[in-house]
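> fold the following and give me the result.
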Amino acid sequence: MLIHEFSQRTGVSTKTIRFYEAKGLLPRPPRTANNYRQYSTAAMERLQFIAGARILGFSLNDVAEFLRARDDQQLPCQRVMDSLDTRVADLDRRIADLIALRETLVDIKAQAENLPETNSCEEQCVCYLLTVDRENGKVSVQKE
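Next up is the predicted model:
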């Protein structure tokens, strides 16, 4: 199948397909007489694996490592398991950071709701509700 059909059947853009070829994740396909790429079913299965792994958040380096092992007739399952552990730990850290950010925003909003409305703002001011501490760069609620 040609790249356009290959893209449609896999849901991966032609630009991304070419990128994966350039990175060596997908082998360069044979060319037709008029120099069009001709993809096989095996290439489609490989691309679907790559796309699925990327959706799960695996890095291109991880995916390349999995594929190299498989190309060498090894099953990279333990490496995948290790990567899953790393991904879960990363997600847990990001979730904790997002929860902390949410709490900060809720706190700022609650403080800001108690401030009197004003239409004045100093020259360097963007919003009278928020101020920036020049020493540490942190944003806080304007004090009354």
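
> what about Ala42, how many residues nearby?
Neighbour count for Ala42, taken as other CB atoms under 10 Å: 9. Quick note: C-beta positions are derived from backbone N, CA and C, even for glycine.

> may I see the buried residues of the longest helix seen in the chain?
When the chain is parsed with DSSP state H, its longest helix is helix 77-113. For helix 77-113, the neighbour count (16 or more other CB atoms under 10 Å) marks Val80, Ser83 as buried.

> list the buried residues for the helix or strand just after that helix?
Using DSSP states H and E, the helix or strand that follows helix 77-113 in sequence is strand 130-132. Judged by neighbour count (16+ other CB under 10 Å), strand 130-132 contains these buried residues: Thr131.

> now do strand 130-132: which elements does it pack against?
strand 139-141 (3 or more CB pairs under 8 Å, 6 or more residues apart in numbering; DSSP states H and E).

> what about the strand it packs on, average pLDDT?
Mean pLDDT, strand 139-141: 67.
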